[in-house]
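Undergrad: below is the sequence, then the predicted model.
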Amino acid sequence: MDVRKIEKEAEILAALAQPTRLRILYFLRDGEQCVCRITPAMPGDASVTSRHLTKLKEAGILDSRKEGVSVYYWIAEPKVFVLLEIADEMGYSISRKVVEEEMW
């Protein structure tokens, strides 16, 4: 068992386990965006959004660059959307099983 591999997997999953972070990912799905556009599109204040962006960057999911006083973020690891599709499928499957069990 590779402990470092497990720790990295846990870091990635923890970074994704927050609704605002998922909103950020979907917001950036079509390409790079300035923080000045990301922040107003997210719930909470700018400092909260900044912390979420940092967490996603630390996990290797996002990357950023600075241009003058502006900071731009983009998806560094597009495979994250494959993982989210799998989570969607799991959620659908689990929900369906729960409904079936409630019917019995």
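TA: Yep, that arrived. Residues are numbered from 1 along each chain as shown.
Undergrad: skip the chain neighbours and tell me the closest residue to residue 12.
TA: With C-beta to C-beta, 6 or more residues apart in numbering as the criterion, residue 12 has its nearest non-adjacent residue at 5.3 Å, and that residue is residue 59. The way it works is simple: take the backbone N, C-alpha and C, and place the C-beta from them, glycine included.
Undergrad: residues contacting the one you found?
TA: 11, 12, 14, 15 (C-beta atoms under 8 Å, 6 or more residues apart in numbering).
Undergrad: which of these lies closest to residue 64?
TA: Set against residue 64, the nearest of these by C-beta to C-beta is residue 15 (14.7 Å).
Undergrad: now do the closest one against residue 62, distance only.
TA: Separation of residue 15 from residue 62 (C-beta to C-beta, to the nearest Å): 9 Å.
Undergrad: tell me which of the two has more neighbours.
TA: When neighbours are counted by other C-beta atoms under 10 Å, residue 15 and residue 62 differ, and residue 62 comes out ahead with 23 against 20.
Undergrad: quick check: residue 36 touching residue 70?
TA: Yes: with contact defined as C-beta atoms under 8 Å, residue 36 reaches residue 70; the gap is 6.4 Å.
Undergrad: got phi/psi on residue 33?
TA: phi -140, psi 150 (degrees, to the nearest 10).
Undergrad: residue 76 now?
TA: Main-chain dihedrals, residue 76, degrees, to the nearest 10: phi -90, psi -30.
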